[in-house]
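Asker: Turn this into a structure:
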Amino acid sequence: MTPAQSLAQTEARAQRSVTAAGTVWRRWGDNNSRAPLVLLHGGAGSWAHWIRNIDVLSSDRTVWIPDLPGLGESPTPPAPRDHTAVAAVLARDVDELLPGAAFDLVGFSFGGIVAAFLAGLHPQRVRRLVLVGAGGLGLRKGEAKILKPWLGLKDPAEREAAHRHNLGALMLSTPERIDPLAMHLYTRDLVRARVNSAKSSRAEPLKQRLESLRMPIDGIWGRLDITAHGKFDEIRALLRGAYPDAQLKIIEDAGHWAQYEQAAAFNAVLPELLAVYRMPGTP
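Answerer: The predicted structure is shown next:
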């Protein structure tokens, strides 16, 4: 099966919705006995950042994934076109698609920043926030030095080589883990990005937002995530500063895109976190 066929096959199982704001959401599963699960992808990405997790996670609950405003198929958000603008659009989307419902919220990388700001806009409805390799903690310093510029490269081979280098350097633990599907998703989504997620991810908006959140929070990081620089004690302390019982789960032998690189391990850890810790009175 080609990468395009694999992508199309997963997408064909989804129900597609477009909100009043124009945001494109996809829904897998139809289990109303448990709270919905909302997944937010990373910067320069799309819903497909979760392609290896959707089938497992939607087996016993309804999974909702948007293309974040300004990324994938969704229209560009209003100025300032950053995490705050994206979260504001999603807050209205959630009111439209999940009116009044409590839900679990998971955000990857830039999506972790957006998730925290969305949670701040709906603090009574987010049962649990799980951050996956989240940016915005002030840890992603020097990252730009390892990436090769690709804008302006006219030679397709040179551009592909730059993309392959960056995918292996930033998203996965080693270039040897790059498979055709990962390369297809990375290059497809990168050229559609209209929001500068890197600016937010390299600053500290999530670190600052965590100070004001009062809800169950957990984290999942890949052991070899280059954006974390191995500072897991610091990350754990930040999470527990917001929620004393916060758990930080480490996925071994995985880089930044842990849910793709070590999907089986991730698909076991996330449901475990969501099942064990629940808000009082929720299913």
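
Asker: Would you agree residue 183 falls within a helix?
Answerer: Yes - under DSSP: H, G, I helix; E, B strand; the rest coil, residue 183 falls within a helix.

Asker: Report pLDDT for the closest residue to residue 172 other than its chain neighbours.
Answerer: Leaving out its chain neighbours, the residue that sits closest to residue 172 by CB to CB, 6 or more residues apart in numbering is residue 255, at 4.7 Å. Where C-beta positions appear, they are placed from N, C-alpha and C, glycine not excepted. pLDDT recorded at residue 255 is 97.

Asker: Show the average pLDDT along stretch 160-168.
Answerer: 95.

Asker: neighbouring strands for the one helix or strand residue 104 maps to, and are they parallel or not?
Answerer: Per DSSP states H and E: residue 104 is located in strand 103-108. Using DSSP bridges, the strands paired with strand 103-108 in its sheet are strand 37-40 (parallel), strand 126-132 (parallel).

Asker: would a markdown table of these with distance to residue 26 and mean pLDDT be doable?
Answerer: A markdown table is the format used below for these (distance: least, CB to CB, whole Å; pLDDT from 0 to 100):
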| stretch | distance to residue 26 | mean pLDDT |
| --- | --- | --- |
| strand 37-40 | 10 | 98 |
| strand 126-132 | 18 | 97 |
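
Asker: quick one on the thing from earlier: the strand holding residue 104: which residues count as buried?
Answerer: Buried positions in strand 103-108, judged by neighbour count with 16 or more other CB atoms under 10 Å: 103-108.

Asker: thinking again about what came up before, from memory the residue nearest to residue 172 sits against residue 262, does it?
Answerer: No - with contact defined as CB atoms under 8 Å, residue 255 does not count as touching residue 262 (9.1 Å).

Asker: That's all I had, so thanks and see you.
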